[in-house]
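**Student:** Give me coordinates for this.
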Amino acid sequence: MAQQEVYQNNQIYNDSADIANRMTNRNIRRDRLLDMMSKEMKHEFEQGDIDGDNNLTYDELAHRIAKINQGRKHDTTKMRLLYKEMDTSRDGKVSIDEF
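**Tutor:** Below is the predicted model:
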């Protein structure tokens with residue numbers, strides 16, 4: 001049986017096994033990237049959680065953002081809006097899940 005070429009996203013694939021293999025590799029890379037991002041986000045959350053209660057107050061978040069921005073001023077109004085959007089439970093704290 002002659003090998004069939006399939007065109008997808010301007011790339012040539014030899015057969016469905018080739019497509020499956022490339023998709024699997026792409027999914028593995030995506031999963032690794034998501035895992036790495038998740039670990040980085042958890043690290044940033046933990047660094048911001050000054051009192052160690054597993055929640056971020058507005059002041060803790062603002063302090064962490066200032067540290068990340070190397071002390072440059074941030075827009076307080078935008079920070080308050082960001083905090084309000086993150087606090088989906090409306091309990092005045094941002095949990096790791098909300099973060």
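
**Student:** Centroid-nearest residue for this protein?
**Tutor:** Nearest residue to the geometric centre of the chain (CA atoms, centre = their mean): residue 37, 5.0 Å.

**Student:** Could you name the helices and strands sitting against the helix or strand encompassing that one?
**Tutor:** Using DSSP states H and E, residue 37 sits in helix 16-48. Helix 16-48 is packed against strand 6-8, helix 58-68, with contacts defined by 3 or more CB pairs under 8 Å, 6 or more residues apart in numbering; DSSP states H and E. Where C-beta positions appear, they are placed from N, C-alpha and C, glycine not excepted.

**Student:** Could you tell me how far the residue nearest to the centre of the chain is located from residue 49?
**Tutor:** 19 Å (CB to CB, to the nearest Å).

**Student:** same thing with residue 64?
**Tutor:** Separation of residue 64 from residue 49 (CB to CB): 9 Å.

**Student:** what's the overlap in contacts for those two?
**Tutor:** By CB atoms under 8 Å, 6 or more residues apart in numbering, residue 64 and residue 49 have these common neighbours: residue 56.

**Student:** Show the contacting residues for the closest residue to residue 96 other than its chain neighbours.
**Tutor:** Leaving aside its chain neighbours, residue 96 sits nearest to residue 45 (5.4 Å; criterion: CB to CB, 6 or more residues apart in numbering). The contact partners of residue 45, by CB under 8 Å, 6+ apart, come to 56, 96, 99.

**Student:** what's the burial count for the last one?
**Tutor:** Going back to what we said before, that points to residue 99. For residue 99, the count of nearby residues is 16 (other CB atoms under 10 Å).

**Student:** mind checking pLDDT for it?
**Tutor:** Looking at residue 99, its pLDDT reads 87.

**Student:** neighbouring contacts of stretch 48-57?
**Tutor:** Stretch 48-57 is contacted by residues 45, 60-61, 63-64, 92-96, 99 when judged by CB under 8 Å, 6+ apart.

**Student:** what about 6 Å?
**Tutor:** With contacts defined as CB atoms under 6 Å, 6 or more residues apart in numbering, stretch 48-57 is touched by 60-61, 64, 93-95.

**Student:** Can you flag the buried ones in those?
**Tutor:** Buried members of the contacts of stretch 48-57, scored by 16 or more other CB atoms under 10 Å, are 60-61, 64, 93-94.
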